[in-house]
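**Q** attaching a predicted model along with its sequence, questions to come.
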Amino acid sequence: MKKLLWAALLSLVFILGACGGGGDEEGENGGDTDTEESANEENGSEDVDVAAAEQVFEQNCASCHGGDLEGNVGPALNEIGSKYSSEEIQDIIHNGKGSMQAQSVEEGDAELVANWLSSME
């Protein structure tokens, strides 16, 4: 019984640690600006800097929500824009929801990611 309890506790520590997120990594842009601009226009969100939003997401959110928004420990976000507005997503980032804890992401970064995610329908 003690082993099971320790295993559960250790698993919980790893899961919560993985969602804690931001790294000190200097990510490369890696994206094609023309392609990003087309994606913005198609989604009707010309003011969203896709490359910057993806970088913030990668550093703070991808460990739980997956690099391709497919979900991991946290839920998939590839269609989150059909469920929540940008303001609601920002609120979730800052205050948490369900098992997701509040994230310590700067206001501008949270707004950038929330605007980008809200275009995912």
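**A** Noted; the coordinates are in hand. Numbering: from 1, shown residues only.

**Q** by mean pLDDT, flag the weakest helix or strand of this protein.
**A** The element with the least model confidence among the helices and strands of the chain, by mean pLDDT, DSSP states H and E, is helix 33-43, at a mean of 43.

**Q** C-terminal to it, what's the next element?
**A** Once helix 33-43 ends, the next helix or strand along the chain (criterion: DSSP states H and E) is helix 50-60.

**Q** in that next one, what counts as buried?
**A** Going by neighbour count (16 or more other Cβ atoms under 10 Å), the buried part of helix 50-60 is 50, 51, 52, 53, 54, 55, 56, 57, 59, 60. The C-beta positions use only the backbone N, C-alpha and C, and glycine is treated the same way.

**Q** do the same with stretch 77-93
**A** The neighbour-count check on stretch 77-93 (16+ other Cβ under 10 Å) flags 77, 80, 81, 84, 86, 89, 90, 91, 92, 93 as buried.

**Q** where does this protein have low pLDDT?
**A** Filtered on pLDDT under 70, the chain yields the residue ranges 10, 12-47.
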